[in-house]
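Peer 1: the following comprises the amino acid sequence and a computationally predicted model.
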Amino acid sequence: MTRQARTSMLFSVTGAAIMLAFTLNAFADVDADAAKKLARKDSCLRCHDARKKKEGPSFQTIAYKYKGQPDALDKLVKHITSGEDRVKLSDGHEELHKFDTTTDTVRIRNLIGWILAQ
């Protein structure tokens, strides 16, 4: 292996390690108990489950879909709070994604952080 190839590989591995560290730190401050409580209160668990598909995708599936996307948190906050996104249910009909609009953004971001950490 040439010196240039080793240097390139070293930079790639270092970059990946730094990205992983930032990703893990982003979800390190998540209050899982508060997130679960909010998910129950706002009926998220009616359509979603942490591991199994229900009417909506599991939280694990959502986390996998958004893995590595730096804007995942912002995308999901908009999806949950905008009231503009429609979801297709198993019986084929569509409805607006429901969420309590009175919930503050900090609690919503904590919930999404918990979902993305699944």
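Peer 2: Now that the structure is in, tell me what you want to look at.
Peer 1: how is the protein divided into domains?
Peer 2: The record's domain parsing of the chain by automatic domain parsing lists 1-29, 31-116.
Peer 1: turn the ones you listed into JSON lines, including mean neighbour count and mean pLDDT.
Peer 2: In short, each C-beta sits where N, CA and C put it, glycine included. Below are the domains of the chain laid out as JSON lines (neighbours: other Cβ atoms under 10 Å; pLDDT from 0 to 100):
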{"stretch": "domain 1-29", "mean neighbour count": "10", "mean pLDDT": "54"}
{"stretch": "domain 31-116", "mean neighbour count": "14", "mean pLDDT": "89"}
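Peer 1: backbone phi and psi for the residue nearest to K67 when sequence neighbours are not counted, please?
Peer 2: Spatial nearest neighbour of K67, excluding adjacent residues (Cβ to Cβ, 6 or more residues apart in numbering): L116 at 8.0 Å. Note on L116: its backbone torsions stand at phi -70, psi -20 [degrees, to the nearest 10].
Peer 1: and the gap between L116 and A39?
Peer 2: Separation of L116 from A39 (Cβ to Cβ, to the nearest Å): 13 Å.
Peer 1: what ranges do the strands span in the chain?
Peer 2: All strands of the chain, identified by DSSP state E, fall at 86-88, 94-96.
Peer 1: make CSV from those and add distance to K67 to it.
Peer 2: Listed next are the strands of the chain as CSV, based on distance: least, Cβ to Cβ, whole Å:
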stretch, distance to K67
strand 86-88, 21
strand 94-96, 26
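Peer 1: what's the closest of these to T61?
Peer 2: strand 86-88 (13.7 Å; Cβ to Cβ).
Peer 1: elements contacting that closest one?
Peer 2: Under the contact definition 3 or more Cβ pairs under 8 Å, 6 or more residues apart in numbering; DSSP states H and E, strand 86-88 sits against strand 94-96.
Peer 1: the strand it packs on pairs with which strands, and in what direction?
Peer 2: Looking at strand 94-96 with DSSP bridges, its partner strands are strand 86-88 (antiparallel).
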